[in-house]
Each structure stands twice: as structure tokens, then as C-alpha cells.
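Asks: please work out how this folds:
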Amino acid sequence: MFRVTVSREVSRVSPHETKLDARARVFESVRLSVTRERIMFLDERGPSSSHSSRSSSSPSSFERNDDEEESMDVKRRNPQDKSHLAFHDERYACRKCARSASCFAVHRATQRIITIGKKKSLNYSSSGGGGGFGERRRASSSRRLKGQRAKREEEEAKMTTTATSRVGDGEEEVEAKKRSGDGKGTTTTTGTTTTTAIEYAYDDPRYELKKLKDAGHRPTMKTYTSLVAALGKQNKAKEAEEIFNQEARVEFDCDAAIFNAVAHGYCENDQPDEAMRFVDSWAEEIGLCDRPDMEGMKDKIAKPNRATHPEIINAYARNGEYRKVYRTLRIMEEKHLVVPSERTYNAFIKGCIENNDPEEAETVIERWNNEKYDLEKMASKLVTKPVAASYGMVIDYYCNNDDVGKGRKLLEKMRWANVSPSLPIFNMLLKGYLKSGNPRAAEVIFRELQGGGSWDMEKMHVKPDVQTYTMFLEYWANAGDTENAERYLNAMRKDKNKIKIDSFVIASVAKAYARACDPEMAEERCKTLMEEYKVKPHVVPLTTVVAAYCTDGDTSEAERVVREMMDIYDVNPNERTFSHVIWAHGQREDVASIRRVASWMIDLGFRIDRGDTKTALFRALQECGLGRNAVENLIQDVANQDVIRKRHTENGNQRLYDRSNDDNETVRIVPPETSQQQRQQQQQQDQSLVQRRSIAVGGGAPKPRGGTGTNAVKTKRRALLFRNNLIARTNRAARCCGSFCFL
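Replies: Numbering: from 1, shown residues only. The predicted structure follows:
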């Protein structure tokens, strides 16, 4: 349609440019010539009939063609490429953040801040003087830190707040830089300059914000909301409000979520007055927007919502300030224009329960029910009523504090209030009656739960579950009543709801026989029920069987069940399983068996030098008559990593366990296909292992450095002599304490 001509000057290749550059230059000249020919053609044709109505008010044809050319460029451009936009914030090095686009680094930092906020136990004291007034430091268990984190904690402990003061005629500025903080913190007075270095720990959310800014990224509204919430949970609500006022409100039009985060941070610190002061100032700002000069600003400012006041009310109720709670409810409706909801009243009830005042909680429920007589609220259809969860908090408190009768009365009040109870409420009452030792009253609740009472369970869709039956099974199992345990097990089978029997139900049945001193029947019932209901073998019922044999004093059968767990059922025993076996050997005062079980645990990958396993070993060995130092030496000897490594190397990474009883009978688990030569090699390995263990027990005997010379022989003799003396002293101590064999 258009004729394109390219001059020789344009097509000529310059000696200073490559062929690709020349080709690009030619293509650009072609594009310009096409555009020029098109403009001339449109001018000759004139305006079309479809655009005649807009021709009088439209600009010249040349400007219109430029707009069309620009629209064609937009179509050819990559839709993800937004570099052509005019807005570009030069404060941020990241191109996406400069365009207010989504950045993965900001998202990752935000998630990190959210994770830090969930760790309530990490409470760091605020450095300098910006620690907020009236802060309450919560007692939290200090966790054991490892690796680089431990080094950082040690460095932070050494770094103290430095303050330099100098009095003179002139004013001086002293800058103190910190290693992991945001840089500077200076406080200047008349004639005195005091500089405080602010330290941000690695797990401080402000450290993540600073690192994000230093990298040239732009924090989002979600980042600041997460930061404020995390600081509130770490007892730094004052610092959270400062960041909100100085940074978040300057950068964004804040929504209600970040306002609520600041107020809830004060509630976390038990400062509801400060939270209410912040919400009142927030409402005053909204009221100022009604002025004529602030027209249009009211829609841009977020307003308090139903999530603002429940935390404040809960904090007041937790402190027992009920008058302030009712004042807050009045201000909430009149000034803040927020109608109390179900969440508001439940927060009030929860605060009363946390203050150990269930009577006030019942009063709140009664006042809540009386709102239905308020004609104004009824007309506006804003009336709510208590639900099952509202009553459940009070009933649960009564049942846990041995006052089930009041919980039962509150259940009857639910009937008069026309509130349908849920299954957890019936389970609370069952648990309370069984805990107080009243199974008959619990059975009355159980029959009512099955539909034999005054409640219409089918209409409420409430039916017993596996937890309901398990509570009865646990009660009769602790009493050793196998008859009643089997009765409730049969009731589970015949239940029309087809309740699935799991491993915990089987463990309760086995526990009943174990308390009845019948470990064989406990093992039989455990295996039979697992096969009958096709329940996957679990460590809980099998550990119950092991505990039954250990209580009966039959350690050989207990160890047999442990081996069957690994070989037949492919179930890994836990520390509690071995703790039962260690306890049983301790009752028999068998130090050698305790040592053997400890070695067995090490071969399976357990740690015996810490935790519950070390506690069980201590108790068992002390019952054998060993002192504290002897127990520590024995545990360190068994846990010696060098001995473990050599033992694995010599045994070919196989699990071989020796079992020696008091009657000097030795039983060894060896694969059946072993030749005589392999047995001889195994005996030699065992002899060398015994020698190394004796050296480790002695602690003072040096290891031979090489060869089979006279020094090595003398060292072995001294080690064997020391070992025999140690065994003799141990047996003598056991005889002095008296022999006790629990069979």
C-alpha cells in the first residue's frame, strides 16, 4: 500500500559500526518512512464519516496519528514491562519497589516478621530510654541456643548501652554506631550530650525492617502491620506506636488492621488504658474530617470496626476492672459507632474466666440475654445472643476446678435460654465427673448424650464420638476394672454411629489388663484388636504392653516385645518405652542390664546424656546403690562417641545385643547362617570391645600407642585389674543396700 524508499546514504555501512548496527539503523529508517507515508495518506483522505462528530473538537491529524503510533507501541510492548511509567520513586534501589510493584524480598521479610511475632517467649529488653512506661515483663523459659545464634547472643550480652556525657561551653554531637541495629540514637540536653546506642537483636522484627530498607526495598502496609503486631507481642507497644506514627502513616493511607494492631499491642502488655487512649485519638481524627476544609478526607481514614474493642475489653476484664469494661461498651456504641457483637461479649467472658471470676461471667451472660428486651436494638435487628461456646467457657472452668454441679446447673440454664449445647460441653461434664470420681453421674450424662434424656440429640445433631468412649475407658483402665473396660469397648462396637476404634482405644484396654497385673492378657488383647479392626501398629499400645511386663518384673518378656516392635510390626520404640525397661532393671538392681539397654538405645540413635532418658538412668542407677559421680561416669562411658564408632565399625554396622542375667546365662542374637570362622571373629571382636570398655570405665589407664610390646600388655593388665576392682566395689555396695528382686 505504501512505497518505501531507502537512500544510499542510509543503506551504506560505516566502517566504524558492525553489520548488526547498520541493519538496525536501516530498519529504523524504514519504520520512519512508513509512518511518514501513512500520515500523508490520512491527510489526503480526510476525516471519515464515523468520526465526523468528533472532528471539530479533536486536535490536528498529526497529533492523532502520534496517538495511534503510541497505542501501537503499547500493544507491541511486553505487558509485564512497566518501565515506561512516569512514576518512579528514587528513594528505593529496587526497580519494583520504586514502581510500588510486588517484590519477593519484601514478601519474604514480611513472612519472617510474622514468624518472629509468633514466638512470644522471645522477650528482649528495650535498650536506652525508649522502653515504654508500665511495661510488664513476662516470665518465659529461656531456650537453649545453638551455633551462630548462640554466638550472636553472647556478643549482644557483651555489648552494653554506652552513654557519654560531657559538660562544656559548646554543644557537641557524639554518634554511637551499633553492630546490628539501625545506626544511631542521640539525646541532647542543655550543656550535656547523652548518646545511647540502640541494639536490635537478630530476632527483633525491627532488624528485619532495617535490613529491608538498607537493601533499597519499600516496605508494604502488610509489612508494617506485621511489625507492629510482633512488637506488641514482645512487650514493645510504645515503640510500635512510634513506628506507626513516624513511618507507616507517612507512607500509606493506613487501614483499620494496623490501627487495631497498635491498640492490641498495648493490650498484650496489660495496658488497656493506653489502648483506649489510642482508639479515642483515632476517633477524634475521624471527627475532625467533618469540617468544611477537610471535605473528602473522611472516606480516606479507616474507622474502628468490630475487631478493635474485644481485646481492650478482655484486658480490662483480665485485670478485674469491670466498670471500665461497661464504660468501654458505652463509648463503643455512642462515640465510636460500633455495635457490640458476639466476639465482644465472648472476650468479656474469657477475661472473667482468666481472672478466676466465673460468677461475673455468668452475670455477663445474663445481661447479654436481657438485650432481647431492648426494643430499640430489636428494631434495628442488631441484637445477638449467647452461643454454646459462651456457656462452654464457664462450664469448662467449673469442671476443671472440681465444681461440676455448677456446670450442670449452667447446662440447664442453656435450656431456658433456648441455646443448644454442643458435644464438647457434654464431654466437659463427663471429664469433670470422672475426674471427681463419680462415674454414675457421668453415665447419666452419657445416657442423655445417647438420646435417653430430655435433650433432642437428633435435632441438635449431637452424638458420642471416640473421645467420649475413651474417657470412660481411661477411667476404668486406671482402676484396673477390665470388666467395665470391655463393656464400653462392646458399646463402641454396637454404636450406630460406627465409631472407629483407633490405637489409643486399644492402649486403654491393654492398660486395664496391665493394672490388673495380667500382662499376657494385655498383649493378647492388644494384638487381637489390632488384627480385628486392622489398626496400624502404633507405639502407644505396644509401649503399654512393655510397661505391663516391666511392672510384673519380667524384663526378658518386655525386651522381647520391644524387639517385636522393630522386627515384626516395624514400629520404632520411643524414650518412654526404654524408660520402662530401665526402671524394671533398676528395681532388680541389675547395673549390667541397665548399661546394656543404654548401649541398645545408642545403637538406635537415642541420646542418653540428656532429657528424660538421662533422668530415668539416674533414678535406676541410684536405686542400684551407685553415687552421683559413678552414675555420671557410667553414662559418659556408654555415650563415648569413640567407643560407639569403633563398635559400629567392628560389628559391620549390625545391631548385636548381649543379654546377661544374674544366673550367668548368656543369650546372643546372631543370624542363623553363621559359620564357625565368623563366630571366632565375633568372639575376638567382643573380647577387644570388653577391653576397650574396661579402659573407658577406668578413665585413668592410658591407651597403648602402638604394637604388641610389653607396655601394651602391662596397660591391658592394669585395665583388667581396675575393672575387676570396680565390679567388686559395685557388688559390695549392692549387698550393703540389700538385695531386692521384683518378680
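Asks: what count of nearby residues applies to Arg112?
Replies: The tally of other residues near Arg112 (other C-beta atoms under 10 Å) stands at 18. Using the backbone N, CA and C atoms, a C-beta is placed for each residue, glycine as well.
Asks: can you list the helices and strands that the helix or strand encompassing it packs against?
Replies: Taking DSSP states H and E as the criterion, the element that holds Arg112 is helix 104-118. The helices and strands touching helix 104-118, judged by 3 or more C-beta pairs under 8 Å, 6 or more residues apart in numbering; DSSP states H and E, are helix 205-214, helix 221-233.
Asks: which residue ranges form the strands in this protein?
Replies: Ranges of strands within the chain are 186-189, 192-195, 658-660, 666-668, based on DSSP state E.
Asks: dump stretch 507-515 to CSV, keeping only the CA atoms.
Replies: The C-alpha trace of stretch 507-515 is given here as CSV (Å, rounded to 0.1, in the frame of the first residue of the first chain):
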residue,chain,number,x,y,z
ALA,A,507,-3.9,-48.8,74.5
SER,A,508,-6.7,-48.1,77.1
VAL,A,509,-7.9,-51.7,77.0
ALA,A,510,-4.3,-53.0,77.4
LYS,A,511,-3.7,-50.6,80.2
ALA,A,512,-6.8,-52.0,82.1
TYR,A,513,-5.2,-55.5,82.0
ALA,A,514,-1.8,-54.1,82.9
ARG,A,515,-3.3,-52.5,86.0
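Asks: other residues contacting that stretch?
Replies: 470, 473-474, 476-482, 485-486, 489, 519, 521-523, 525-526, 529, 538, 540-541, 544-545, 547-548, 551 (C-beta atoms under 8 Å, 6 or more residues apart in numbering).
Asks: thinking again about what came up before, which of the helices and strands packed on helix 104-118 sits closest to Ala283?
Replies: Taking C-beta to C-beta, helix 221-233 is the member of the helices and strands packed on helix 104-118 nearest to Ala283, at 18.9 Å.
Asks: show me what the closest one is packed up against.
Replies: helix 104-118, helix 205-214, helix 237-243, helix 256-268.
Asks: what's the closest of those helices to Ser436?
Replies: When these are compared by C-beta to C-beta, helix 256-268 sits nearest Ser436, at 35.5 Å.
Asks: how about the helices and strands packed on helix 221-233 in TSV, adding mean pLDDT?
Replies: Shown next, in TSV, are the helices and strands packed on helix 221-233 (pLDDT from 0 to 100):
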stretch	mean pLDDT
helix 104-118	89
helix 205-214	88
helix 237-243	91
helix 256-268	92
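Asks: would you format those helices as CSV with distance to Arg323 included?
Replies: Shown next, in CSV, are those (distance: least, C-beta to C-beta, whole Å):
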stretch, distance to Arg323
helix 104-118, 32
helix 205-214, 35
helix 237-243, 23
helix 256-268, 18
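Asks: the ones you listed: which one's closest to Ala598?
Replies: Nearest of those (C-beta to C-beta): helix 104-118, 37.4 Å.
Asks: mind checking which of the contacts of stretch 507-515 are buried?
Replies: Buried members of the contacts of stretch 507-515, scored by 16 or more other C-beta atoms under 10 Å, are 470, 473-474, 476-477, 481-482, 485-486, 489, 519, 521-523, 525-526, 529, 538, 540-541, 544-545, 547-548, 551.
Asks: out of these, list just those in helices.
Replies: Among those, the ones falling in helices (DSSP state H) are 470, 473-474, 476-477, 482, 485-486, 489, 519, 521-523, 525-526, 529, 540-541, 544-545, 547-548, 551.
Asks: can you tell me which of the helices and strands packed on helix 104-118 is most buried?
Replies: Stretch with highest mean neighbour count among the helices and strands packed on helix 104-118: helix 221-233 (a mean of 24; mean count of other C-beta atoms under 10 Å).
Asks: any idea of the mean pLDDT for stretch 523-531?
Replies: Stretch 523-531 comes out with an average pLDDT of 92.
Asks: revised request: answer the last question for stretch 436-455.
Replies: The average pLDDT within stretch 436-455 is 89.
Asks: number the chain from 596, please
Replies: All right, first residue 596 from here; so that's stretch 1031-1050.
Asks: got a list of contacts for it?
Replies: 997, 999, 1010, 1016, 1018, 1021, 1024-1025, 1028-1029, 1052-1053, 1057-1059, 1063, 1067, 1070.
Asks: check stretch 852-871 too.
Replies: 727, 729-731, 816, 819-820, 823-824, 826-828, 830-832, 835-836, 839, 843, 873-874, 877, 897, 899-900, 902-903, 906-907, 909-911, 913-914, 916, 919, 923.
Asks: cutoff 7 Å now
Replies: 729-731, 816, 819-820, 823-824, 826-828, 830, 832, 835-836, 839, 843, 873-874, 877, 897, 902-903, 906-907, 910-911, 914, 923 (C-beta atoms under 7 Å, 6 or more residues apart in numbering).
Asks: give me the buried entries from these.
Replies: Applying 16+ other C-beta under 10 Å to these flags 730, 819-820, 823-824, 826-828, 830, 832, 835-836, 839, 843, 873-874, 877, 902-903, 906-907, 910-911, 914, 923 as buried.
Asks: how many neighbours does Lys1054 have?
Replies: Number of residues near Lys1054 (other C-beta under 10 Å) recorded here: 8.
Asks: need the pLDDT of it.
Replies: We have a pLDDT of 85 for Lys1054.
Asks: residue contacts, it?
Replies: Applying C-beta under 7 Å, 6+ apart to Lys1054 gives no contacts.
Asks: Val978 and Arg1191, how far apart?
Replies: Between Val978 and Arg1191 the distance is 71 Å, computed by C-beta to C-beta, to the nearest Å.
Asks: what do you get for Ala1037?
Replies: Applying C-beta to C-beta, the value for Ala1037 to Arg1191 is 45 Å.
Asks: can I see the domain layout of the protein?
Replies: Domains of the chain are assigned by automatic domain parsing as 596-640+656-665, 1272-1295+1302-1326.
Asks: picking up where we left off before, could the helices and strands packed on helix 699-713 be laid out in TSV, adding distance to Pro935?
Replies: Formatted as TSV, the helices and strands packed on helix 699-713 follow (distance: least, C-beta to C-beta, whole Å):
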stretch	distance to Pro935
helix 800-809	32
helix 816-828	23
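Asks: what is the least confident helix or strand in this protein?
Replies: Each helix and strand of the chain was given a mean pLDDT (mean pLDDT, DSSP states H and E); the minimum falls on strand 1261-1263 at a mean of 37.
Asks: re the thing from before, please, a ChimeraX command that selects the buried ones among the contacts of stretch 1031-1050?
Replies: Selection of buried members from the contacts of stretch 1031-1050 for ChimeraX, criterion 16+ other C-beta under 10 Å:
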select :999,1016,1018,1021,1024,1025,1028,1029,1052,1057,1058,1059,1063,1067,1070
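Asks: now, which of the contacts of stretch 1031-1050 lie within helices?
Replies: Short answer: the contacts of stretch 1031-1050 in helices (DSSP H) are 999, 1010, 1018, 1021, 1024-1025, 1028-1029, 1052-1053, 1063, 1067, 1070.
Asks: and the residue lying closest to Thr1208 once chain neighbours are set aside, how far from Glu842?
Replies: Spatial nearest neighbour of Thr1208, chain neighbours left out: Glu1170 (5.1 Å); criterion: C-beta to C-beta, 6 or more residues apart in numbering. To Glu842, Glu1170 is 49 Å away according to C-beta to C-beta.
Asks: pull out the buried positions in stretch 1216-1229.
Replies: Within stretch 1216-1229, the residues scored as buried using 16+ other C-beta under 10 Å are 1216, 1218-1221, 1225-1226, 1228-1229.
Asks: greatest separation within these: which pair is it?
Replies: Glu1218 and Asn1228 (17.3 Å).
Asks: check contacts around the closest residue to Asp1207 other than its chain neighbours.
Replies: Excluding the flanking residues, the one nearest Asp1207 by C-beta to C-beta, 6+ apart is Glu1170, at 5.3 Å. Glu1170 makes contact with 1201, 1206-1208, according to C-beta under 7 Å, 6+ apart.
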